[in-house]
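> Quick check, what structure comes out for this input:
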Amino acid sequence: MSLVTWQDLCIDAVDVGVESQFWAAVSGLEVADGEAPARLAGPTPRHSLWVNPVDRPHRVKNRVHLDVDCASVEELVGLGATVLAPAEETGLGWTVMADPEGNEFCAFVRGPEQLPAYRIHGIGIDCGDHELVARWWGGLFGAEPTYLAEHDCWTLTGVAVDERMTLDFAPVPEPRTEPNRVHWDVVGRVDDLLARGATRLWDQPHWTVLADPEGNEFCVFPPPAAAAPSGLA
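I've put the predicted structure just below:
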């Protein structure tokens, strides 16, 4: 049984307008509301991506990043992205890039027949203990994580925006030092999550900000009967 269901994605931005236009073009979403916070909309509410105003710039490597499909790396550069680690140099199946504010993301080049309308296909989460965090989130979503030995990561499938999107938990040696600039929101009951080991950070009028066992922030909205309109912390 799941304790939470997926609600939406969120990205922090100093310049909400620039980031909204960039991520709308990259993801295949549309800017439905350009005010701060801005909302990028897709075919269902679960596809929504909120761009939230913050006053802190990108300073350290993101511990949560997005994986996207694209027609070419050059296309993304033309939209304002920067290449950090080309696939040709790393030998990996993706190019590491940064958005206009320095947020890292991974770009996977696809042929025309493989390029979907919605182009975010994964979320990468850096972890000190990747199995622990993957199993914790799997327990909340009611899904069993799978270990991918070739990438040394644990992955959850079918719990996020659509059946294709994965949550991929990878080990890193460095500790977490900054609030995440990318997070997801869920629908659930705060008390259930606190009982499972979440930490309460602060309360907003319509949602509560919690952290998972490694400090990754996420927002919890009450179930639909008592829910208010979505917003971001």
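> Skipping adjacent residues, who's closest to Ile125 in space?
Phe169 (4.9 Å; Cβ to Cβ, 6 or more residues apart in numbering). Just so you know, the C-beta spots here come from the backbone N, C-alpha and C atoms, and that holds for glycine as well.
> Now do the same contact list for that neighbour.
Counting by Cβ atoms under 8 Å, 6 or more residues apart in numbering, Phe169 makes contact with Ile125, Cys127, His130, Glu131, Val133, Ala134, Trp137, Pro145, Cys153, Trp154, Thr155, Leu156.
> wait, doesn't the second one sit right on Arg135?
Right, the one you point to is Cys127. No. Assessed by Cβ atoms under 8 Å, Cys127 is found out of contact with Arg135, at 11.0 Å.
> Could you check which of those two is surrounded by more residues?
Of the pair Cys127 and Arg135, Cys127 is the one with more neighbours under other Cβ atoms under 10 Å, namely 21 against 16.
> Name the residues linked to the more buried one by a beta bridge.
As for beta bridges, Cys127 partners with Pro171 under DSSP bridges.
> Tell me the pLDDT of it.
Note on Cys127: pLDDT of 98.
> Likewise for Met1?
So, for Met1, pLDDT stands at 86.
> do the same with Ala233
48.
> Could you number the chain from 676 rather than 1 from now on?
Taking 676 as the first residue, the last one we looked at is Ala908.
> Got a quick PyMOL command for the buried subset of the contacts of Phe844?
Only the buried entries of the contacts of Phe844 go into this PyMOL selection, using 16 or more other Cβ atoms under 10 Å:
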select buried, resi 800+802+805+808+809+812+820+828+829+830+831
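> Quick one: residues in contact with the lengthiest strand in the chain.
For the chain, the longest strand by residue count, based on DSSP state E, is strand 679-688. Here strand 679-688 makes contact (Cβ under 8 Å, 6+ apart) with 694-695, 698, 720-729, 731, 741, 776, 778, 795, 798, 815-816, 834-836, 854, 856-863, 868, 894-896, 905, 907.
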